[in-house]
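Return atomic coordinates for the entry below.
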Amino acid sequence: VQLQAYGGGLVQPGGSLRLSCAASGFTLGGYTIGWFRQAPGKEREGVAVSSRNGGGTYYADSVKGRFTVSRDNAKKTVYLQMNSLQPEDTAVYFCARRLGGPVFRQELYGDWGQGTQVTVSS
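The predicted structure is shown next:
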């Protein structure tokens, strides 16, 4: 089982990035995938969740209307489209999976992938 987040980079304020979370070793459709981020000196926080079996998507208030999570189960990939990025979005972004429903409690997720750095700066 492996999850790998990638697609991060340096972007100017107001710009966009699309992160990908590539899954291997399990059937993606049966799992809820969460996106989390950790900024320097801060605790890791939940950003967006894609529920298993088409159960819907959920967002932290800080990213609602700007971020969109989607998945392609056939390609075994979950995406995080990030628009209108701001400096406060700078963080390492991670994806993780859980067998249950959509929650933001990170302790209920496992198989964390390596993160990808997103830096928003002019």
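
Quick one: residues contacting N53.
Taking C-beta atoms under 8 Å, 6 or more residues apart in numbering as the contact definition, N53 lies against G29, G30. In short, each C-beta sits where N, CA and C put it, glycine included.

would it count as being in a helix?
Yes. N53 forms part of a helix when assessed by DSSP: H, G, I helix; E, B strand; the rest coil.

Quickly note the distance from it to Q4.
N53 sits at a distance of 22 Å from Q4 (criterion: C-beta to C-beta, to the nearest Å).

Please apply the same query to S70.
17 Å.

can you check D61 too?
28 Å.

of the two, who's got more company?
Q4 (15 against 6; other C-beta atoms under 10 Å).

what's across from that one in the sheet?
A22, Q114 (DSSP bridges).

can I assume it is in contact with A22?
Yes. The criterion here is C-beta atoms under 8 Å, and Q4 meets it with A22 at 4.8 Å.

and the spatially closest residue to F67 that is not a sequence neighbour, what are its bridge partners?
Among residues not flanking F67 along the chain, M82 sits closest, at 5.1 Å (C-beta to C-beta, 6 or more residues apart in numbering). Assessed by DSSP bridges, M82 has beta-bridge partners L17, F67.

Now for M82: which residues touch it?
With C-beta under 8 Å, 6+ apart, M82 has these contacts: S16, L17, R18, L19, V63, R66, F67, D89, V118.
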